[in-house]
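Chemist: Got a predicted structure plus its sequence, pasted below:
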Amino acid sequence: MGNILRFAIIAVLMMTQSALAQTYPTKPVKIIVPFAPGGSSDGSMRPIAERLGALLGQPFIIENRPGALATIGANIVAKAEPDGYTLLLMPGTHVLATRMMKSVPYHPFNDFTPIANLVFSPYVVTAAKKQPFTTLKDMVAYAKANPGNLMIGNSDIVTWLAAEMLGQVANVKLTHVNYKGGGPVAADVVGGHLPLGMASTVAVQGFLKDRKVTGLAVTSPKRIGSMPDIPTVAEALGVSYDAQTWYALAGPAGVPRPIVDRIQRAVAQVLMEPQVRERLTLMGVEPAEDTTPEGMANLMKTFSQKNIALMDAVNFQAE
């Protein structure tokens with residue numbers, strides 16, 4: 001009787017969850033973006049949220065909750081009810097939180113439910129116009145001839161890691177200069193105060209269009225649609241290199257799988273819409289091809305392993 005009762009309870013729960021998914025959502029859905037408005041994260045989420053609302057019949061409302069290396073917003077979601085009505089725009093840095101900070105109020109894996117990959121956001125290696133090089137290969141030759149004298153600006157841990165990885169694959173010593181945003185990095189490269197910058201496509205694409213900086217390479221495995229003339233680091237140097245971040249959609253731990261699947265299917269449909277793809281491409285981000293929860297979980301794992309290994313190798317100190 002015990003097993004029969006247990007199976008009956010499981011069957012009832014499964015039917016209840018399935019029924020919930022069929023009616024979900026019945027009220028507005030809140031998406032916590034753990035950054036201020038205006039960047040690539042916020043800009044990427046808005047067109048997707050608009051279309052999710054149209055497809056699923058309820059508004060998907062963005063709430064910006066920046067601060068503490070994106071952990072403030074993530075903590076809100078970690079503590080929310082796992083009913084699918086509070087979601088997180090998860091950045092790649094989320095899975096590095098426990099290595100970046102000495103204390104984090106949640107577990108970056110165990111306290112969240114992966115739902116769907118959204119976009120990949122590469123960076124651009126830019127050079128000031130007055131520099132004696134216009135290609136990445138020539139930059140490397142210059143850096144080898146002037147070891148340690150070439151500075152590169154970065155805006156966060158992922159751009160710092162991308163610059164560190166670039167130095168490693170090119171076998172050159174680059175001096176890191178830390179900034180508090182991609183905009184200031186780009187501005188100092190434009191002004192000639194900084195020879196090199198590693199910044200998001202959003203931060204630099206206007207300056208590239210106006211030819212105020214030189215685009216040496218993008219950090220993605222393939223060229224990006226908004227900057228087709230700029231080669232990848234791998235192309236320019238003939239090396240293996242992939243240093244981009246990503247944004248994905250997650251919920252608190254325990255979101256029922258039928259609700260996860262309903263959101264994921266809607267995300268996959270949205271990312272196939274030509275108008276959405278065009279808007280994202282113009283922003284310099286690339287829509288994800290694998291949007292499944294399993295694909296997202298794998299991305300979280302591999303991104304964490306690769307970057308934490310690099311942070312350990314260079315003795316990165318947590319804040």
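Modeler: Okay, I see it.
Chemist: make it CA atoms for all contacts and neighbour counts henceforth
Modeler: Will do.
Chemist: what's residue 40 in contact with, if anything?
Modeler: Contact analysis of residue 40 by CA atoms under 8 Å, 6 or more residues apart in numbering lists 121, 200, 202, 283, 285.
Chemist: What distance do you get for the last one to residue 41?
Modeler: Distance of residue 285 to residue 41, computed by CA to CA, to the nearest Å: 10 Å.
Chemist: can you pull out the helices in the stretch 51-200 of the chain?
Modeler: Secondary structure of the stretch 51-200 of the chain (DSSP state H, counting those that start in this stretch): helices at 71-78, 97-100, 136-145, 157-170, 182-190.
Chemist: Verify the contact between residue 67 and residue 33 for me.
Modeler: No. Under the criterion of CA atoms under 8 Å, residue 67 is not in contact with residue 33, lying 10.6 Å apart.
Chemist: between those two, what contacts are shared?
Modeler: residue 73.
Chemist: ok, those two, which is more surrounded?
Modeler: Neighbour totals were compared for residue 67 and residue 33, and residue 33 leads with 25 against 12 (other CA atoms under 10 Å).
Chemist: Residues in a beta bridge with that one, which ones?
Modeler: residue 64 (DSSP bridges).
Chemist: pLDDT value on residue 12, please?
Modeler: pLDDT for residue 12: 44.
Chemist: go on, the one 5 residues further on?
Modeler: The score at residue 17 is 54. That number is its pLDDT.
Chemist: Residue 170 against residue 237, yeah?
Modeler: Yes. Between residue 170 and residue 237 there is a contact under CA under 8 Å: 7.4 Å.
Chemist: Can you show me the strands along the protein?
Modeler: Under the criterion DSSP state E, strands of the chain are mapped to 29-33, 60-64, 86-91, 112-121, 123-128, 150-154, 174-178, 196-200, 213-218, 245-252, 286-287.
Chemist: Please name every helix or strand in contact with the second one.
Modeler: With contacts defined as 3 or more CA pairs under 8 Å, 6 or more residues apart in numbering; DSSP states H and E, strand 60-64 has these neighbours: strand 29-33, helix 40-56.
Chemist: can you redo these as TSV with mean pLDDT?
Modeler: Putting the helices and strands packed on strand 60-64 into TSV (pLDDT from 0 to 100) gives the following:
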stretch	mean pLDDT
strand 29-33	98
helix 40-56	95
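Chemist: so of those, which one's packed in deepest?
Modeler: Mean neighbours per residue, mean count of other CA atoms under 10 Å, is largest over those for strand 29-33, with a mean of 23.
Chemist: show me where pLDDT drops low in this protein?
Modeler: 1-21 (pLDDT under 70).
Chemist: Report the separation between residue 235 and residue 152.
Modeler: 20 Å.
Chemist: More neighbours: which of the two?
Modeler: For the pair residue 235 and residue 152, the greater number of neighbours falls to residue 152 (23 against 17), based on other CA under 10 Å.
Chemist: Quick check: the more buried one touching residue 196?
Modeler: Yes. Taking contacts as CA under 8 Å, residue 152 lies within contact range of residue 196: 4.5 Å.
Chemist: Could you check how many residues crowd around residue 180?
Modeler: Using other CA under 10 Å: residue 180 sits among 10 other residues.
Chemist: Next, the contact list for it, please.
Modeler: Residue 180 neighbours (CA under 8 Å, 6+ apart): 155-156.
Chemist: Now do the phi/psi pair for it.
Modeler: Phi and psi for residue 180, reported as degrees, to the nearest 10, are phi -100, psi 10.
Chemist: count of neighbours near the closest residue to residue 194 other than its chain neighbours?
Modeler: In space, and not counting its chain neighbours, residue 194 is closest to residue 188: 5.4 Å by CA to CA, 6 or more residues apart in numbering. Residues lying near residue 188 (other CA under 10 Å) number 16.
Chemist: Same question for residue 229.
Modeler: 12.
Chemist: Quick check: the gap between it and residue 237.
Modeler: 16 Å.
Chemist: Contact partners for the spatially closest residue to residue 297 that is not a sequence neighbour?
Modeler: The shortest distance from residue 297 to any non-neighbouring residue, by CA to CA, 6+ apart, is to residue 114 (6.1 Å). Neighbouring residues of residue 114 by CA under 8 Å, 6+ apart: 249-251, 293-294, 296-297.
Chemist: Type out the PyMOL command that picks the buried ones from those residues.
Modeler: PyMOL command restricting those to the buried ones, with burial defined by 16 or more other CA atoms under 10 Å:
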select buried, resi 249+250+251+293+296+297
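Chemist: Is it possible to get JSON lines of the contacts of residue 114 that adds distance to residue 218?
Modeler: Output for these, formatted as JSON lines (distance: CA to CA, whole Å):
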{"residue": "249", "distance to residue 218": "25"}
{"residue": "250", "distance to residue 218": "27"}
{"residue": "251", "distance to residue 218": "31"}
{"residue": "293", "distance to residue 218": "27"}
{"residue": "294", "distance to residue 218": "27"}
{"residue": "296", "distance to residue 218": "23"}
{"residue": "297", "distance to residue 218": "25"}
